[in-house]
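**Q** turn this into a model:
(6 chains)
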6 protein chains.
Amino acid sequence: MIRGLFIGRFSPFHLGHLQTIKTIFKEIDELIIVIGSAQQSHTMTDPFTAGERVLMIHESLKNEKISLEKIFCIPVYDIFRNPAWVSHVRSFTPPFSIVFTNNSVIKRLFAEAGYHVKSPKLVKRSFYKGSNIRQLMIEGANWEDLVPSSVQKVIADIDGLKRLQEINRTTD
Amino acid sequence: MIRGLFIGRFSPFHLGHLQTIKTIFKEIDELIIVIGSAQQSHTMTDPFTAGERVLMIHESLKNEKISLEKIFCIPVYDIFRNPAWVSHVRSFTPPFSIVFTNNSVIKRLFAEAGYHVKSPKLVKRSFYKGSNIRQLMIEGANWEDLVPSSVQKVIADIDGLKRLQEINRTTD
Amino acid sequence: MIRGLFIGRFSPFHLGHLQTIKTIFKEIDELIIVIGSAQQSHTMTDPFTAGERVLMIHESLKNEKISLEKIFCIPVYDIFRNPAWVSHVRSFTPPFSIVFTNNSVIKRLFAEAGYHVKSPKLVKRSFYKGSNIRQLMIEGANWEDLVPSSVQKVIADIDGLKRLQEINRTTD
Amino acid sequence: MIRGLFIGRFSPFHLGHLQTIKTIFKEIDELIIVIGSAQQSHTMTDPFTAGERVLMIHESLKNEKISLEKIFCIPVYDIFRNPAWVSHVRSFTPPFSIVFTNNSVIKRLFAEAGYHVKSPKLVKRSFYKGSNIRQLMIEGANWEDLVPSSVQKVIADIDGLKRLQEINRTTD
Amino acid sequence: MIRGLFIGRFSPFHLGHLQTIKTIFKEIDELIIVIGSAQQSHTMTDPFTAGERVLMIHESLKNEKISLEKIFCIPVYDIFRNPAWVSHVRSFTPPFSIVFTNNSVIKRLFAEAGYHVKSPKLVKRSFYKGSNIRQLMIEGANWEDLVPSSVQKVIADIDGLKRLQEINRTTD
Amino acid sequence: MIRGLFIGRFSPFHLGHLQTIKTIFKEIDELIIVIGSAQQSHTMTDPFTAGERVLMIHESLKNEKISLEKIFCIPVYDIFRNPAWVSHVRSFTPPFSIVFTNNSVIKRLFAEAGYHVKSPKLVKRSFYKGSNIRQLMIEGANWEDLVPSSVQKVIADIDGLKRLQEINRTTD
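**A** Model (predicted):
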């Protein structure tokens, strides 16, 4: 039994993430999805709470018939302290043997800790990218096609579009 | 659709917890299980990491054929700051409307925040109690019958019995 | 112009505190009242929020015709780090030259930092004491006579008696 | 009785703030002034300690004959955690029903928490603006006319002009 | 070249510690001395600052002609988070291969992280023990003979005896 | 006996630092070297752990025949809270009377606390500068000549060049 770890902020969870998860499952049996920067919300980079992001992922995977028996979806808060980051993540998750990430710092940290690290191939990266989707949301452009329908629903339920547009209007 | 919240430390997850979850499900459709004191491990009160506790719960529920599509299992760290506790928990979880807990402080905090709070009936509380089970583990007595078989397996895999017995031998 | 500093937790503000403040004012022109452990509430030792404690003091002094032009009432959170405590307090308050406290650690810390420290005489200490008043509240005995009427009102408005009694019923 | 909340960093307190407070008082009976980023000082954005800022406000209001019986001036430290921010502020203050702020994130956070939020009209915003005043101080230009005389005095007493000019000279 | 790690709080550094260090050096070439709970001082368990404890150790070793070229004396603050403790310590120290400690939790944590852990033999443990020495200091009994003369000097220079006796007189 | 304090991040320790230390020793008897931002590593500004930086300094001074009996090398973590910074540093170090730094904020903070502060003359600042050396390392240019041979060895042992180059390749 091989258990993998996939780290992201999922702000929001999009179709690129979903595709990556499907691809990763060809190599593993169970997947831990770590939601980073979990302590934050209502910022330009992380407009959604960790709980909202958990719900986006849970609903999307359920909708895609990916069995939740093989998934652990775990929010992890930042400690702003790289040398303890691997231990921090490890203490919040079941054991794992492969790490999937494209973040160069996280890659190095897990590699130094002896983990097997892989960079999942990114699908149409310029489109399926959190910063791009958030920008489209702010502009009122079409962002809906870049996320699963379950994510659209979660964002609608929390009035998320207006939230992001409002916090974008900084004054001071 | 009614979503409930059940808060505990699950050190370890035992048959009393399992029974409570089954009973709670008569009133709700989905359940968020919050693992409190998630930042801690290797203490007399919380010998297991949050990740180990997530695994205990996940495996036990899977084994009991409780659908993980209806479950959110979320570790939440302590902030040692009661007035922000409800907001803290809420930011890590999907929305919920009922809170299940027997802890009097947590009850009061969620009640003041406007939540419907219920005290789940405890089954054979003197037996099915974390502190009792940890004491039995330390003494080398029979603790196995008080936890699901999946929990026994997780504890065996991490050499958890010896861990608890060793940290019990404090010197100064 | 002499400005003094008076540190307490004020859980709750009682007639002993009020008497002490009146006495202190014979030696000073302005008084900074520091509310310690300001980050906490809903505990057995600090059942009230810092804001509730600010209100107790504000209302009591107003009622006693003590001019609020001569008062600074400032909540300060714990840092659990004695060597930085004096600097911490100092950064939250206007400058001061005398410190009034009966806490031996705080006395020593301010004395080592070069401050003039005085121990205000305590009036009927066994009665006018936070822990005594909280115990009377839990027992449903007469606590009202030990606090200013303004404090009674604040506690009534926040349902504070029931709050303390409820959090006293710990289960686990 | 209506109590309002006005949030700012007051680095320093200026005539625009003073005018806003006077205007706000047409709608409310009591005002809580929250000094944000209270943990910080000696930075380019917050050169003054929370205590120095408390003193600026206290002295200015006293000088303006605004009764301090109707004012609560409370320093609140940053938690860098938006989802708990409203609870955090609320725990440090007496209860309030209206929030006055022009910061879009704070507006959204309090609005989501169910508060009535208003944007106070800003007077000559390009002049009466903390960043503008600090820049004038650094350049040695005329900043004095933009702040109350009490603020000039506080800054003189702490040698604040030189402090800001010195910390502006960063080396590496 | 073998580098060892010796962890303690050194409150204060005593002759038992000194003897242990001499013994440890039979097995190693260089020693890292980690001063734990470094953030604290002026408490009954840690009356001295980390800096004062560094000085005690430095002066004592110099006096004993133990070459400081083979010593790293490093204060490390508590994180109150066992699962990240080993990484935390490791990030503050040069690499090491053996850990010397008698604390059962620290032993277990380093052992789980794959380190070779040894329990140094304790010399006359009931005498050479921090809690015993602090108690003697409070009582005004003979504590001087239990610490190196350099430690006596450091404590005299900071008026440490009176500090401990004063903070012992708690009021509330 | 005069003890000085020299604060830096030493990312990495270079020949400019070494020259400064030699120059400082003309004015003092003992030197405390404070390694700031000690909690961090694997960032573009602080690629090395505090422990790795301790080792760089220790080995370089030993190699230069600067007696370690006159040196205290102490890692200090950031508190992101200027008003408590001087107390924070002071609690981790033996007493000192002169502070050597070129950082304008640190200069001001120690000066306000009553310390004698001096700006060490910087040797060929554009060359001997952490940011310059890290840039050369990233580019694969000649950085070796700017650091002591002991630092070259430490960086080689930890595969530090590749670490910095890898974390430089940020993706998102």
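**Q** how many neighbouring residues does A:S97 have?
**A** Here the count is done by other Cβ atoms under 10 Å in any protein chain shown, and A:S97 has 12 residues near it. C-beta: built from backbone N, CA, C; applies to glycine.
**Q** doesn't A:D29 make contact with it?
**A** No: at 10.6 Å, A:S97 does not count as touching A:D29 under the criterion of Cβ atoms under 8 Å.
**Q** identify the contacts common to those two.
**A** Residues touching both A:S97 and A:D29 by Cβ atoms under 8 Å, 6 or more residues apart in numbering or on different chains: A:I2, A:R3.
**Q** does any bit of stretch A:79-97 sit next to chain B?
**A** Yes: residues of stretch A:79-97 contacting chain B under Cβ under 8 Å from any Cβ of the partner chain: A:R90, A:S91, A:F92, A:T93, A:P94, A:P95.
**Q** just to check, the first one is in contact with E:E112?
**A** What that stands for is A:R90. No: in this structure, A:R90 is not within contact of E:E112 by Cβ under 8 Å, at 11.2 Å.
**Q** neighbour count winner among these two?
**A** The residue with more neighbours, out of A:R90 and E:E112, is A:R90; 20 against 16, by other Cβ under 10 Å.
**Q** now do whichever strand or helix holds the more buried one against helix E:85-92, angle only.
**A** A:R90 belongs to helix A:85-92 when assigned by DSSP states H and E. With axes from the mean of the first three to the mean of the last three Cα atoms, to 10 degrees as the basis, helix A:85-92 and helix E:85-92 are set at 180 degrees to each other.
**Q** what about the helices in chain A?
**A** A:15-24, A:50-63, A:85-92, A:104-112, A:130-139, A:149-157, A:160-168 (DSSP state H).
**Q** so for the fourth one, what gets flagged as buried?
**A** Of the residues in helix A:104-112, those buried under the neighbour-count criterion (16 or more other Cβ atoms under 10 Å in any protein chain shown) are A:S104, A:V105, A:I106, A:K107, A:R108, A:L109, A:F110, A:E112.
**Q** which of those residues lies closest to E:V34?
**A** Distance to E:V34 across the buried residues of helix A:104-112 (Cβ to Cβ) is lowest for A:E112, with 21.3 Å.
**Q** any idea how far the closest one lies from E:P148?
**A** A:E112 sits 39 Å away from E:P148 when distances are taken as Cβ to Cβ, to the nearest Å.
**Q** same deal with A:I33?
**A** For A:I33, the distance to E:P148 under the criterion Cβ to Cβ works out to 55 Å.
**Q** looking at these two, which has the bigger crowd around it?
**A** Applying other Cβ under 10 Å to A:I33 and E:P148 shows that A:I33 carries more neighbours, namely 26 against 21.
**Q** ok, and the closest non-adjacent residue to the more buried one?
**A** Ranked by Cβ to Cβ, 6 or more residues apart in numbering or on different chains and with sequence neighbours excluded, the top spatial neighbour of A:I33 is A:C73, at 4.8 Å.
**Q** picking that back up, who does the helix holding A:R90 touch, helix- and strand-wise?
**A** If you count contacts as 3 or more Cβ pairs under 8 Å, 6 or more residues apart in numbering or on different chains; DSSP states H and E, helix A:85-92 packs onto helix A:104-112, helix B:50-63, helix E:85-92.
**Q** need those helices in CSV (columns: mean pLDDT).
**A** CSV is the format used below for the helices and strands packed on helix A:85-92 (pLDDT from 0 to 100):
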stretch, mean pLDDT
helix A:104-112, 97
helix B:50-63, 98
helix E:85-92, 98
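**Q** quickly note the distance from A:P83 to chain F.
**A** Distance of A:P83 to chain F, given as Cβ to the nearest Cβ, to the nearest Å: 5 Å.
**Q** now do the same contact list for that residue.
**A** E:S87, E:H88, E:R90, E:S91, F:Q39, F:Q40, F:S41, F:H42, F:T49.
**Q** report how many residues lie close to A:S126.
**A** The burial metric for A:S126, expressed as a neighbour count using other Cβ under 10 Å, is 7.
**Q** that one against A:N132, yeah?
**A** Yes: counting by Cβ under 8 Å, a contact exists between A:S126 and A:N132, whose distance comes to 6.7 Å.
**Q** any idea how far apart the tips of stretch A:120-135 sit?
**A** Across its full length, stretch A:120-135 reaches 24 Å end to end, with Cα to Cα, to the nearest Å as the criterion.
**Q** what does that stretch contact?
**A** Counting by Cβ under 8 Å, 6+ apart, A:6, A:9-12, A:14-17, A:19-20, A:23-24, A:44-45, A:47, A:100-102, A:143, A:146-147, A:164, F:172 sit against stretch A:120-135.
**Q** which parts of chain A sit against chain F?
**A** By Cβ under 8 Å from any Cβ, the residues of chain A that approach chain F are A:80-83, A:102-105, A:107-109, A:112, A:129-131.
**Q** where does the closest residue to chain C within chain A land on pLDDT?
**A** Closest contact between chain A and chain C, by Cβ to the nearest Cβ, is at A:Q39 (16.6 Å). We note a pLDDT of 97 for A:Q39 in this prediction.
**Q** surely it touches A:F80?
**A** No: counting by Cβ under 8 Å, no contact exists between A:Q39 and A:F80, whose distance comes to 10.4 Å.
**Q** who has more neighbours, those two?
**A** Taking other Cβ under 10 Å, A:Q39 and A:F80 do not tie; A:Q39 has more neighbours (24 against 13).
**Q** pull the contacting residues for the more buried one.
**A** A:Q39 makes contacts with A:A50, A:Y77, A:D78, B:S91, D:F80, D:R81, D:P83, as judged by Cβ under 8 Å, 6+ apart.
**Q** got phi/psi on it?
**A** Main-chain torsions, A:Q39, degrees, to the nearest 10: phi -80, psi -10.
**Q** before we move on, the earlier item: just the buried residues of the residues of stretch A:79-97 next to chain B.
**A** A:R90, A:S91, A:F92, A:T93, A:P94.
**Q** chain F: which of those is nearest?
**A** Using Cβ to the nearest Cβ as the measure, the one of those that approaches chain F most closely is A:R90, at 16.4 Å.
**Q** could you find the closest non-adjacent residue to the closest one?
**A** With sequence-adjacent residues excluded and distances taken as Cβ to Cβ, 6+ apart, A:R90 is closest to B:G51, at 6.8 Å.
**Q** contact partners for that neighbour?
**A** With contacts defined as Cβ under 8 Å, 6+ apart, the neighbours of B:G51 are A:I74, A:R90, A:S91, A:F92, A:T93, A:P94, A:P95, B:P75.
**Q** now for these: which two are most distant?
**A** When the contacts of B:G51 are compared pair by pair using Cβ to Cβ, the farthest-apart members prove to be A:P95 and B:P75, with a separation of 15.1 Å.
**Q** per-residue confidence for A:T170?
**A** At A:T170, the model reports a pLDDT of 67.
**Q** for A:L122, same thing?
**A** What the model reports as pLDDT for A:L122 is 83.
**Q** now the one 10 residues further on
**A** At A:N132, the pLDDT value in this model is 96.
**Q** and it, how many neighbours?
**A** Number of residues near A:N132 (other Cβ under 10 Å) recorded here: 16.
**Q** just give me the neighbour total for A:A113.
**A** The number of residues packed near A:A113 is 15, by other Cβ under 10 Å.
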